[in-house]
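Chemist: The sequence isn't on hand, but the structure is:
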């Protein structure tokens, strides 16, 4: 009997060692790239905007006339398409969803630029942007014009006041060439911009928003590099806990786990964040595969699974405590796995190195800041 | 350590140190303490010091140094000699020697029945018996009760109240002077033209100096002027400032012989003069021979100064550099003729005398003629009259008949002989009420200089005088005379003379002596004494208006303190801060005082720490910071208890009872303490003081309960006690109580009278805060009541309010200043001065904020805004810019732009209690004046401002971002776009700890962690994607976090019974079916017809059940901000908060209990 038992135990032990225990660092957040629709750009190109008209408009809801900026096009239909796109962005409620600026150049010419406003576009495109490292890709339509009309200067002064609504519209280029003969395009969605920027070239020198076409400027390729720094990891971890695990974090604090883990030899100086992270990893491991610990039974693409899970998982305060499966020794073990994971992200070899050395390096190199 | 604070209520009291063996003389000590208290002075006793770690010697000396009188009571034992600490004598002997060295007045009582007195004590008693001390023997301790009281009363009356000296000085009025002049020469030269000229000049200037050389006739002329103009005349020859002030005060109020108003220290006598000067409407004060004219003028200035109706004329040998002078001319030939015509018959001599011109010299010449010839030298006058003349010449002070007889030391020389000799000296000697003195000091100088030619003779007369003054414990005079001997004898009087000079306010003499002390201070102990004396000089200098010298003294003290170490530096720091305090206690000073408090604690000097703690508590109470006062008084109480310092204990208990009475909900504790204090009152006199204090507390309570008759009775009783004690502070505060009682009964005239008397009493005891209270309350009466026959109510109210504001400028009393500013604002409003009124309201708001009167702060801002905004927004902008300390926006800008420019400073610097309401109202003004189509731009701009502010905000100020977030939420009511709501959420959560939001498009999940005794996690979950729900979730989360402290303090009280709670918010048609049905069955639909929010309540609270918040479709539409009325957000906050409270407490609370608190919290929002 005794031999049999020993044999069973041995067998179980062998079995568990075959399963790979894994750590995870929530600072290693997922990149998500939002790509805005660029059809407005093509539509404006197709519209062949030849000029910009300046006048006054009396839109509904304004006590008096306000400046009117008219895109003078050669082709009507693409203009309509562009404005329909603006409408989809929400320009009728908030004209500033359309980012628009005019760059007055030293040579007397100027450029008009139009794009979706980045923050609003991100909000429309990525529902839970705070969970990730979101990146935005969108196109600008840029149109150079040969000469700066004096009214543009006047419009610039107008834009210096706190409230400077400007009505944006479009019209057809007159064959006569006389601006008075510009024919408004009827039925376009009306929109009023409040933050139209008219800037002099010299006042924005070096500002990449205005000089991204400059020759010789290095354009970023691929995901922003270099790899996440330890500080980035700290920041990302904290941010994710705030957004996705604020209740669990409080439960860990309440449970006494922090103090308990620190009573273990070599764990005296671990940070609260590490203990919280390890506890959350144990919770998620169990949620991904019932009864699992240390992600042993999760699939190969652990990171994808975790992010997918977090995306759907909502934490609410319901008066629960931490699950009974979370004990201090499991947390300590997970914590060690997490440290190895984070260091491995930076190609730091952790094999055969004792936890105490790794933890010391972890703290020394700024992977934890609490 | 010297107790240097003088703004406490016991400033008229003297400190009497009791020196005796604690156990052996236990009964005597108790009796002594009662006897001292019975005549309204403070007994200084320590009962349990020996067993404590605190160095007893340091403590004894610090309190003995600070005492004016020492009572020594001895039985048989000499006491322990602390040899290990280098002592060779016992504690009581040490104290006796210290008192001797420092000139502390002593009374000794020795138990006569002792059979075996320890030899060392017996020797000490012998020494005492041989010295100039009052020593009595007793066999039953009970005999001491009356004896100590009587001896002490006599000593204090003579030495400290100086009643006799002052009364005698007052008897030297103009008529007495002129009468003596006639007696002296038989005639007064009329000099009518001169008097008319003087009258004419004195009418041109409110201060005039009558100047001229000695003997020219200034005194006579001044007396003649006073007589001609019915002016108040006082002759102040040789009097120190304490007497100068008291004598002038009594003369001004016409009390030349009565002695009811005695002022036992410099401060109270000066206050009496200030008060007397302020009270008279028309007066000309003629002051002769005053050595402290600048100090006198400074005090009169404090009492309102000189004017056409209040004039000052003084005499001086030197021309005044600051004021117009009237130089007294010599006698004309015909005037001289009038004087000599009956005395000198020989024409030749008469012709020579006529050329002299100076009346004194003429008089001297006449005397010489009388004694023999014009060449006669006074110093050569022989016999008894020569001896008398020499004493009078050497002594700078008048000498009484008793003193002269004692100096003569001849038993056969009678009073008749004395008067006979004085008569023979003719007009050389004057018999004044203060004693015999030479007619003119110039005579004395001449005689003295002649006498100094025979050093032995000079030394003989001088030494006899020194001993006389030493016996009468007039160390100033003793020092003065000893220094004339130029042999260092004066050194043994230096310390004693300095202490005396400080007490009398003779700072010039004190400064001179200080130099001596510093030169003599070579070892550590004497340097330490020198430092203490130097620091003691600071207060009199400031009081006498010579504050410029103080920095120099403090600088030198600093050098000395650096040599002596940390203890000395701490003492110096205390003096510095009290020096600052007298100019008006600012917050910085309190911080320094708190640091000193902590420093004493770190050094284990607990008695000093407790003493400073007591002072701090008094300041906190005066500033209505009752919680802080309470917090500091608790350890103070235990220290005094431990050390057995009964006086400290008593004061601490009184302050603690006052502090507790001011803390809502702690009245019961106050009552308990009151009973303890009452029970301890064993003496009739002390009982009355306690009674007055008790009446004060009870009056306020009865008045608030509407029991006016009882309140009035108690207030009057306390005032009566205050008069009897006498204690002007007790009178002042109870007169204010009485006035308040009248005010609350709509009896304005009576209230005004009470406040006026309170102000006068407060002035007398130097309590600026109480005087300011009286003044501010007077302003309130003029503002709030129509009073018959008064047509300039508002102007009067303004004047009184401004007086109060001035009194409290730069002080810690923010509450008093805020209330005074409020009254000023009310008055300005009535007077039509809108700009001034608005500014005053805003200033009041800032002061209320400092006083942590949050509701009042908010009210003041609103009052200012309401006044200016409707019709005069530019005034509003100007006042707001001013109060926020930002430049006035360019008037050329659009008004909306000007308003918007101020929004950021409001977020950055307005007080916590007012930020939300002020910002709401401010933005609402823009909101209302721009087209609705531009409101989104306003919100976007505000969001960008808040974002900018957030970049530089300190962690402890992150509430500013949170509060601005609530306002932003309320402004989002018209937008259907969830983007801006999400931006606000991101901004706020990025800067506020323990507030988190997870956003999924328009849907929001907020997590709020509240510190309610435990960390409570609350989830706020949106049930749909509508803008209303997003806005409601955000605003509620921010509200709960914003008012976390108040929520805990006012509703939860650290008693949260849950760790987690849930709140679901949304429109009901988005709720899960089962929930919706369940909620609808509760009649929610009907509720929402009349309300914008409905909140569920579970039937029991045992298990955490979510709270469901149902929004009406018109929720956003009904949001109101910045208009002073409630809307749907307020309803959301109020209803959810109520339910959340029930959840957290796991029980329902009665509506009448919870509702006011919830309403109060919600009112602080938009």
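Modeler: Sure, I can see it. Please read these numbers as outputs of a predicted model, since none were measured by experiment.
Chemist: nearest residue to residue 124 other than its sequence neighbours?
Modeler: Let's take chain A. residue A:89 (7.1 Å; CB to CB, 6 or more residues apart in numbering or on different chains). In this view, the C-beta of every residue, glycine as well, is placed from N, C-alpha and C.
Chemist: um, chain B though
Modeler: Nearest to residue B:124 is residue B:93, by CB to CB, 6+ apart, at 5.8 Å.
Chemist: The one you found belongs to a strand?
Modeler: No - under the criterion used here (DSSP: H, G, I helix; E, B strand; the rest coil), residue B:93 is helix, not part of a strand.
Chemist: re the thing from before, residues near the residue nearest to residue A:124, how many?
Modeler: 20 (other CB atoms under 10 Å in any protein chain shown).
Chemist: Surely it and residue A:116 touch.
Modeler: Yes - proximity of residue A:89 to residue A:116 meets the contact threshold set by CB atoms under 8 Å, at 5.9 Å.
Chemist: shared neighbours, the two?
Modeler: Listed as contacting both residue A:89 and residue A:116 by CB atoms under 8 Å, 6 or more residues apart in numbering or on different chains are A:97-98.
Chemist: distance of residue B:1021 from chain A?
Modeler: 6 Å (CB to the nearest CB, to the nearest Å).
Chemist: what's around that residue, how many residues?
Modeler: Other residues near residue B:1021 number 22, with proximity taken as other CB under 10 Å.
Chemist: Could I get the contacting residues of it?
Modeler: So residue B:1021 contacts A:314, A:316, B:1004-1006, B:1033, B:1062-1065 (CB under 8 Å, 6+ apart).
Chemist: do the same with residue B:400
Modeler: Applying CB under 8 Å, 6+ apart, the residues contacting residue B:400 are B:435-436.
Chemist: With residue A:34 instead?
Modeler: A:121-122, A:125-126, A:134-137.
Chemist: which one of those residues has the most neighbours?
Modeler: residue A:121 (21 neighbours).
Chemist: how much space between the residue nearest to residue B:124 and residue B:25?
Modeler: Look at residue B:93 and residue B:25: by CB to CB, to the nearest Å, they are 15 Å apart.
Chemist: Which of those two has more residues huddled nearby?
Modeler: residue B:25 (24 against 21).
Chemist: Not counting its neighbours along the chain, what's nearest the more buried one?
Modeler: Counting by CB to CB, 6+ apart, the residue nearest residue B:25 is residue B:73, at 5.1 Å.
Chemist: For that neighbour, grab the count of nearby residues.
Modeler: Neighbours around residue B:73, by other CB under 10 Å: 25.
Chemist: Which residues of the stretch 251-370 of chain A lie near chain B?
Modeler: Within the stretch 251-370 of chain A, the residues that sit near chain B (CB under 8 Å from any CB of the partner chain) are A:253-254, A:314-320.
Chemist: just to revisit the earlier point, inside helices: which ones of the contacts of residue A:34?
Modeler: A:121-122, A:125 (DSSP state H).
Chemist: Of the residues of the stretch 251-370 of chain A next to chain B, just the buried ones, ChimeraX syntax please.
Modeler: Selection of buried members from those for ChimeraX, criterion 16 or more other CB atoms under 10 Å in any protein chain shown:
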select /A:253,254,315,316,317
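Chemist: Output the residues of the stretch 251-370 of chain A next to chain B as CSV; include the columns secondary structure, pLDDT and distance to residue B:220.
Modeler: CSV is the format used below for these (DSSP: H, G, I helix; E, B strand; the rest coil; pLDDT from 0 to 100; distance: CB to CB, whole Å):
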residue, secondary structure, pLDDT, distance to residue B:220
A:253, helix, 92, 92
A:254, helix, 90, 94
A:314, coil, 92, 103
A:315, coil, 93, 100
A:316, coil, 93, 100
A:317, coil, 92, 96
A:318, coil, 86, 101
A:319, coil, 73, 98
A:320, coil, 73, 102
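Chemist: SS state for residue B:638?
Modeler: helix.
Chemist: And for residue B:216?
Modeler: Taking three-state DSSP, the label given to residue B:216 is coil.
Chemist: Tell me the helices and strands packed up against whichever strand or helix holds residue B:734.
Modeler: Per DSSP states H and E: residue B:734 is located in helix B:728-744. Helices and strands touching helix B:728-744, by 3 or more CB pairs under 8 Å, 6 or more residues apart in numbering or on different chains; DSSP states H and E, are helix B:684-704, helix B:708-724, helix B:748-764, helix B:768-784.
Chemist: deepest of these, which one?
Modeler: Scoring these by mean neighbour count under mean count of other CB atoms under 10 Å in any protein chain shown gives helix B:768-784 as the most buried, with a mean of 25.
Chemist: Following the chain past that one, name the next helix or strand.
Modeler: Of the helices and strands lying after helix B:768-784 in sequence (DSSP H and E), the nearest is helix B:793-807.
Chemist: could you give the angle of the helix or strand just after that following helix to helix B:793-807?
Modeler: Remark: after helix B:793-807, the chain's next helix or strand is helix B:814-830, criterion DSSP H and E. Counting by axes from the mean of the first three to the mean of the last three CA atoms, to 10 degrees, helix B:814-830 points 150 degrees away from the direction of helix B:793-807.
Chemist: Name the residues of helix B:814-830 that are buried.
Modeler: B:814-830.
Chemist: now the angle from it to helix B:768-784?
Modeler: 30 degrees.
Chemist: what bits of the stretch 101-250 of chain B have low per-residue confidence?
Modeler: Low-confidence segments of the stretch 101-250 of chain B, defined by pLDDT under 70, span residues B:184-187.
Chemist: can you give me the helices in it?
Modeler: B:119-130, B:143-155, B:163-171, B:174-185, B:192-204, B:218-229, B:241-252 (DSSP state H, counting those that start in this stretch).
Chemist: Minimum distance to residue B:113: which of those has it?
Modeler: Residue B:113 lies closest, by CB to CB, to one member of the helices of the stretch 101-250 of chain B: helix B:143-155, at 11.4 Å.
Chemist: helix, strand or coil for the one residue in the stretch 651-800 of chain B that gets nearest to chain A?
Modeler: Here the stretch 651-800 of chain B gets closest to chain A at one residue, residue B:665, 30.2 Å apart by CB to the nearest CB. The three-state label given to residue B:665 by three-state DSSP is coil.
Chemist: Grab the nearest non-local neighbour of the closest residue to chain B within the stretch 251-370 of chain A.
Modeler: Nearest to chain B, among the residues of the stretch 251-370 of chain A, is residue A:317, at 3.5 Å (CB to the nearest CB). Spatial nearest neighbour of residue A:317, chain neighbours left out: residue B:1060 (3.5 Å); criterion: CB to CB, 6+ apart.
Chemist: pretty sure that neighbour contacts residue B:1014?
Modeler: No - judged on CB under 8 Å, residue B:1060 makes no contact with residue B:1014 at a distance of 10.6 Å.
Chemist: For these two, indicate the residue with more neighbours.
Modeler: In this view residue B:1060 and residue B:1014 are compared by other CB under 10 Å, and residue B:1060 has more residues nearby, 22 against 15.
Chemist: does the more buried one have beta-bridge partners, and which?
Modeler: residue B:1017 (DSSP bridges).
Chemist: so who does it touch?
Modeler: So residue B:1060 contacts A:247, A:317-320, B:1016-1019, B:1104 (CB under 8 Å, 6+ apart).
Chemist: With distance to residue B:849 added, can I get those in JSON lines?
Modeler: Converted to JSON lines, the contacts of residue B:1060 look like this (distance: CB to CB, whole Å):
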{"residue": "A:247", "distance to residue B:849": "36"}
{"residue": "A:317", "distance to residue B:849": "34"}
{"residue": "A:318", "distance to residue B:849": "40"}
{"residue": "A:319", "distance to residue B:849": "39"}
{"residue": "A:320", "distance to residue B:849": "42"}
{"residue": "B:1016", "distance to residue B:849": "29"}
{"residue": "B:1017", "distance to residue B:849": "32"}
{"residue": "B:1018", "distance to residue B:849": "29"}
{"residue": "B:1019", "distance to residue B:849": "34"}
{"residue": "B:1104", "distance to residue B:849": "38"}
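Chemist: Can you tell me which of those comes closest to residue B:296?
Modeler: For the contacts of residue B:1060, the nearest to residue B:296 is residue B:1016 (67.3 Å; CB to CB).
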